[in-house]
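Peer 1: Structural data only, the sequence is not supplied:
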Ligand SMILES: [Zn+2]
């Protein structure tokens, strides 16, 4: 093929010359070109290499179905593989290169694969390397692994950049009454008809220009004036926007390409925008895709669809060849032959049909086009370009080679496949339409209708009429709010004057030709027959075995031909073979667009306490816990993590430590029945909790497993303040709402999340009372008598700041939790810290908090993992025997009461100098059997005990292992340490310090 | 994306909600037998068709609603407040039961 630009015509801007690079060569195109049209205009015919055989490939279409001209765009981190040159708009400075070829698409060493073609037939991977009996029994996988490296390298598409995506993407949301997909004659008419009825209409067009088929067959109205007209009707028009999927309740995914066509996009623009659109009615005016035919070497550069040849001429001013054979099975290609003839090409027309009305034949013969009836393409001569076409004649039952023609391009029309992919997404089964030799959409209960060529209407007048109908249907469906059943609308003069011939492949019996069905995956007609011979009956199996329809075009080009060949091989009709289901997306969607702005540090929200800046200013190293940023440790100069946390824990136990505990969940539980409610959800009694007292409580799930723990403070008769763990705050809140709304509607209780309203500071250690005393006017308020263990008080600081303080302890020391309105957090922290410093106190973080609680055997999320019962966690005494509560019945299931269940224990290394790891397995035997006898959830160095300690679970608990050897086994780090199982309460087991 | 007509907020994407479970379950009294509790907690019909289920408008009004949904087509025929008292108040205010309302977005 030797494409060239004709001197006039087309929708290109010949005043605007664009320079671009193709495989390093500088070429020129015009504004309005696609990369494909510019390459053709420059006489570039070989633009890609095929997937398996590295066969040279050229431009095969002028649209999204392209399977030949797949290129890599851009450089380095900007590079984008498998871009369809047929839809990529040309811009100044565009850089593109061929892919799957070395050293170049013109001369590709990989094409030796072609010589071994018969070895790469359908199912090749499965058959060849899964063990070749009998010599390689058992070694098949190994052989495959060895070969796979080379085959994968030789077979493939473009390569993705390994660098982070430098582009920005956005997500956006919108609503409308009617979404019209496609701006051809049908879509335009539908949008205008719906807008006439006062509806809010969005029209999306994947192309950069409006008009659809009009861009090829009727360029009298410019796309710009079409836009102006539509917008004057109040229609919201989105070009360069693909409706790639329809989901439940008519939610539509749109991909808007904002700057893929710009040389230097402004930095404020995203590359693409991912829209979630919620229309009330959808009109699909998505057109139809022209089919190829299977014949020998039908993939040679220079073979393309007839419509593509016409599009390059009429829209882009490019004549694809000077000696052109147009081969068709239907009327639509006649106009193609006429247009190319007028542009100066020598055109021959092959019509596979033996009889065609003279009205049609006169059109071409009167201008001197060489027409052959009952003729079809059989085989192509020429390797990197078309040189000669062998032509077969039909005697009515079979094809036989009859003559040949010298030519440089072959334009094929094997019929049309309506684009019903989006309905397929909704589970609508396609129905084979024999008269039109295509699948049409089946009926649907949803507010979706199909118009124009997508509905199998082939005339422009018919398309306009069906678009108007669709717009009116949309209006009545929305106004009457009734389910609209899609019924085939009968439109007069909707089809061609001569029936299409259902032809999919041309071959002579007994002769093997390399004729392709799915170009992108190099699936040939022989592959389909081979799959049938090997017993693949289901279409879905055929698809997977041959990989037909599984390439980036999703079977747009090859599916129907593949089905037809399968039907023929099985001696059946196409409808009896079935149809494959299309899945979203209609065309590829970049991963970047799916993730939008949710990348890197924006991947998820960050939660900071009101003390965050104060913590940072005081040297905190932060750690993520869920979404929260919390202080991990506060190193002094030169201190490591281990040194810091040991110092912090030690200081807290011996004088005083302050810790930011703001991230704990806080829920206000209010109402006359609040006491009753709490009594039902906690395992321990809450009905008689006095005002001004706090109580530690545990909640179970319905199934008797521990959900969460925390303290709940009674502020007044009807007002409680509940704290939850940081990790389960959201879950507990939703659970309380569920109980109150779905089960216990009669309880007069309201729950409110107040987690963000309060800052919380733990003041822990023997000097904690002294720290508070220095900050309040009336120190009597703080005395052991007036403020006993588990007491709750509202207390004024010296400067008038009101605090809510509870004397509760996670560390096992005399301790308080001080809550103040969040904004007062830093101020109160500063006051407390100023005093604490005078007592030799410290700030402590999550790591030291962990040490203090492990020493005490207090459980947290690491232990309460959703499998643990109260008994397992050594909290059996928390279950009241005198009341029923959520989970009480099922917690008594026999399986949950077994003596050998893993139970919470403390762990010491036998050799007190040894260390061991959290996550290790506990085992009695010397080797790990199954999952061992238990596991370790947390370890720390205990400054109080002077050696490493841990907590975990072991089958049967401490009693079962009193005199037995136990090992902590860490197979990953290859570490076995003998340990001693002890009580989980490792420091101050009697709780003397709490009451100090 | 399923669209749920929250009685308090209007039509919203299901991504604003979390799924609860089978709304037809009547949870027994807390002191009921373990058989009754096992039945309520573990035994579920795998319904191929219309089912009543609870959803939580967790990123909206935080109300629990009862959705009547076809598990095959995702067609939703009714959305009501789960809280019986609130449901009665809402019906009294709007003069109709929420299941009568148009469910098409
Ligand atoms: Zn709501």
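Peer 2: Cool, got the structure. Just so we're clear, the structure is a prediction, and the values are computed from it rather than from any experiment. Residues are numbered from 1 along each chain as shown, chains lettered A, B, ... in the order given.
Peer 1: Which element, helix or strand, includes residue A:762?
Peer 2: Following DSSP states H and E, one finds residue A:762 within strand A:758-764.
Peer 1: List of residues touching that strand?
Peer 2: Applying Cβ atoms under 8 Å, 6 or more residues apart in numbering or on different chains, the contact partners of strand A:758-764 are A:609-611, A:652, A:656-662, A:664, A:666, A:771-772, A:804, A:809-811, A:813-822, A:824-826, A:828-829, A:832, A:836, A:852. The C-beta positions use only the backbone N, C-alpha and C, and glycine is treated the same way.
Peer 1: Of the residues you listed, which belong to helices?
Peer 2: Among the contacts of strand A:758-764, DSSP state H puts A:652, A:771, A:772, A:825, A:826, A:828, A:829, A:832, A:836, A:852 in helices.
Peer 1: how close does the first one sit to residue A:769?
Peer 2: This points to residue A:652. 14 Å (Cβ to Cβ, to the nearest Å).
Peer 1: ok, the two, which is more surrounded?
Peer 2: When residue A:652 and residue A:769 are compared for neighbours, residue A:652 comes out ahead with 32 against 21, by other Cβ atoms under 10 Å in any protein chain shown.
Peer 1: From what I see, that one and residue A:810 are in contact.
Peer 2: No: counting by Cβ atoms under 8 Å, residue A:652 does not reach residue A:810; the two are 10.9 Å apart.
Peer 1: what's the overlap in contacts for the two?
Peer 2: What both residue A:652 and residue A:810 touch, as defined by Cβ under 8 Å, 6+ apart, is the set A:764, A:852.
Peer 1: Tell me, what's the model's pLDDT at the residue in the stretch 501-650 of chain A positioned nearest to the ion?
Peer 2: The ion sits closest to residue A:605 of the stretch 501-650 of chain A, with a gap of 21.0 Å, by Cβ to the ion. Residue A:605 carries a pLDDT score of 90 in this model.
Peer 1: So it versus residue A:628, what's the distance?
Peer 2: 10 Å.
Peer 1: To which secondary structure element is the residue in the stretch 801-950 of chain A that chain B sits nearest to assigned?
Peer 2: At 3.6 Å from chain B, residue A:884 is the closest residue in the stretch 801-950 of chain A, using Cβ to the nearest Cβ. Assignment of secondary structure by DSSP H and E places residue A:884 within no helix or strand.
Peer 1: Any idea how many residues pack against the closest residue to it other than its chain neighbours?
Peer 2: If the residues on either side of it in the chain are set aside, residue A:884 comes closest to residue B:30, at 3.6 Å by Cβ to Cβ, 6 or more residues apart in numbering or on different chains. Residues lying near residue B:30 (other Cβ under 10 Å) number 14.
Peer 1: For chain B, which segments are assigned as strands?
Peer 2: Assigned strands in chain B, in chain order: B:3-6, B:10-13, B:18-22, B:50-56, B:64-70, B:76-81 (criterion: DSSP state E).
Peer 1: mind listing the helices in the stretch 551-700 of chain A by residue range?
Peer 2: A:559-570, A:574-577, A:591-595, A:612-617, A:641-654, A:674-681 (DSSP state H, counting those that start in this stretch).
Peer 1: What is the shortest one packed up against?
Peer 2: The elements that helix A:574-577 packs onto, with contact taken as 3 or more Cβ pairs under 8 Å, 6 or more residues apart in numbering or on different chains; DSSP states H and E, are strand A:430-433, helix A:559-570.
Peer 1: can you check the third one too?
Peer 2: Judged by 3+ Cβ pairs under 8 Å, 6+ apart, helix A:591-595 is in contact with strand A:169-181, strand A:272-284.
Peer 1: taking the ones you listed together, which one is wrapped up most tightly?
Peer 2: Among the helices and strands packed on helix A:591-595, judged by mean count of other Cβ atoms under 10 Å in any protein chain shown, the one packed with the most neighbours on average is strand A:272-284 (a mean of 23).
Peer 1: how much does that one deviate in direction from strand A:169-181?
Peer 2: Counting by axes from the mean of the first three to the mean of the last three Cα atoms, to 10 degrees, strand A:272-284 lies at 10 degrees to strand A:169-181.
Peer 1: for stretch A:85-105, what is the average pLDDT?
Peer 2: 90.
Peer 1: Can you get me the start-to-end distance on it?
Peer 2: 15 Å (Cα to Cα, to the nearest Å).
Peer 1: same deal with stretch A:319-336?
Peer 2: Using Cα to Cα, the distance between the terminal residues of stretch A:319-336 is 12 Å.
Peer 1: Quick one: mean pLDDT for it?
Peer 2: So the average pLDDT for stretch A:319-336 ends up being 97.
Peer 1: what's the offset of that stretch from the middle of its chain?
Peer 2: 42 Å (Cα atoms, centre = their mean, to the nearest Å).
Peer 1: again with stretch A:774-784
Peer 2: What separates the centre of stretch A:774-784 from the centre of its chain is 58 Å, taken as Cα atoms, centre = their mean.
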